[in-house]
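Chemist: A structural model of the following input is requested.
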Amino acid sequence: MNINDPIKESWNTCSDDYFAMEYDSPAVLNLLKADPSRAFPPEVWKCLHTAFPDLHGKKVCVPSSGDNLAAFAFYLLGADVTSCDIAERQLENADKIAQQQGWQLTFHVCDSMEMAGVESGAFDLVYTSNGVHTWICDLPTMHRQFCRILKDGGAYIFFETHPFNRPFDDETNELRIKKRYCDTRDNDWRVQDFVNSLIESGFSIAHMEELFADRGTLGATWWQPEEWDEKSDWSKNPIAALPQWIAFCAVKDEACR
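Modeler: Predicted coordinates:
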């Protein structure tokens with residue numbers, strides 16, 4: 001049995017409910033169509049826009065695409081988008097939305113650790129959003145695959161839960177430690193793990209951001225509106241004084257072939 005089979009089965013099982021919750025009304029898609037940049041936190045959008053002022057005609061791969069909000073946004077911004085995920089049902093649900101909207105994306109089932117069947121040197125941009133890395137047990141293996149499918153000079157841009165949050169118990173508004181920062185069990189990666197993995201995989205780090213949750217970003221926070229004021233106020237919730245996310249823009253070195 002493949003080590004990722006339970007992950008695949010879990011997402012296939014919950015996918016219908018997941019998509020029903022994420023797209024339970026036309027509002028999300030309407031907001032996305034009105035302003036695709038809202039699929040990304042503002043700092044991440046600035047990073048994307050700096051690297052690619054015009055995405056028209058650019059080839060973008062979104063591995064572990066999940067709810068496909070980013071994949072849809074890239075399509076609306078003019079990119080040629082390939083959405084990849086380990087769970088077939090996730091892509092089937094995304095494809096159903098795309099067909100209803102008349103959007104033409106490529107959906108490809110593959111493990112982000114392998115990117116099997118994805119052409120080498122084909123993409124201008126690889127993008128992953130919050131929550132991808134926590135499913136990955138070997139960062140360099142995944143990052144090497146992302147490097148492989150990028151063109152020379154292509155970029156890998158991602159944002160992820162900031163490792164500084166990992167030691168704390170997020171079930172309470174008290175500053176309660178549940179483990180040491182250096183404990184990486186359950187794929188709770190440190191900042192150095194991201195940095196070293198990218199460098200070892202053939203990337204040069206062009207930019208890094210540490211950012212806070214933004215209420216206006218579609219799908220970017222699990223906080224409900226009624227919880228927002230309390231959760232985001234560091235005087236009430238000390239953890240809110242820490243950045244919630246970390247973002248990187250890494251460029252494929254020409255030597256990585």
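Chemist: which helix or strand contains residue 14?
Modeler: Using DSSP states H and E, residue 14 falls within helix 5-22.
Chemist: residues making contact with that helix?
Modeler: Contacting residues not belonging to helix 5-22 are listed as 28, 67, 69, 85-90, 92-94, 97, 135, 219 [CB atoms under 8 Å, 6 or more residues apart in numbering]. Quick note: C-beta positions are derived from backbone N, CA and C, even for glycine.
Chemist: which of the residues you listed has the weakest pLDDT?
Modeler: Here the lowest pLDDT out of these sits on residue 219, with 61.
Chemist: next helix or strand past the helix holding residue 14?
Modeler: Once helix 5-22 ends, the next helix or strand along the chain (criterion: DSSP H and E) is helix 27-34.
Chemist: mind checking the pLDDT average for stretch 51-59?
Modeler: 97.
Chemist: can you give the distance from it to the centre of its chain?
Modeler: Relative to its parent chain, stretch 51-59 has a centroid offset of 18 Å by CA atoms, centre = their mean, to the nearest Å.
Chemist: please identify the buried residues of it?
Modeler: 51-52, 55, 58-59 (16 or more other CB atoms under 10 Å).
Chemist: check contacts around residue 252.
Modeler: 147, 150-156, 202-203.
Chemist: for residue 249, same thing?
Modeler: 47, 50-51, 155-157, 205-208.
Chemist: three-state assignment of residue 130?
Modeler: The three-state assignment at residue 130 reads coil, by DSSP: H, G, I helix; E, B strand; the rest coil.
Chemist: could you do residue 254 as well?
Modeler: What three-state DSSP gives for residue 254 is coil.
Chemist: got a pLDDT number for the closest residue to it other than its chain neighbours?
Modeler: Distance criterion CB to CB, 6 or more residues apart in numbering; nearest residue to residue 254, sequence neighbours excluded, is residue 152 at 4.7 Å. On the pLDDT scale, residue 152 is placed at 95.
Chemist: would you list the phi and psi of residue 152?
Modeler: phi -60, psi 130 (degrees, to the nearest 10).
Chemist: how about residue 15, nearest residue that isn't a chain neighbour?
Modeler: Nearest one to residue 15, counting by CB to CB, 6+ apart, is residue 89 at 3.9 Å.
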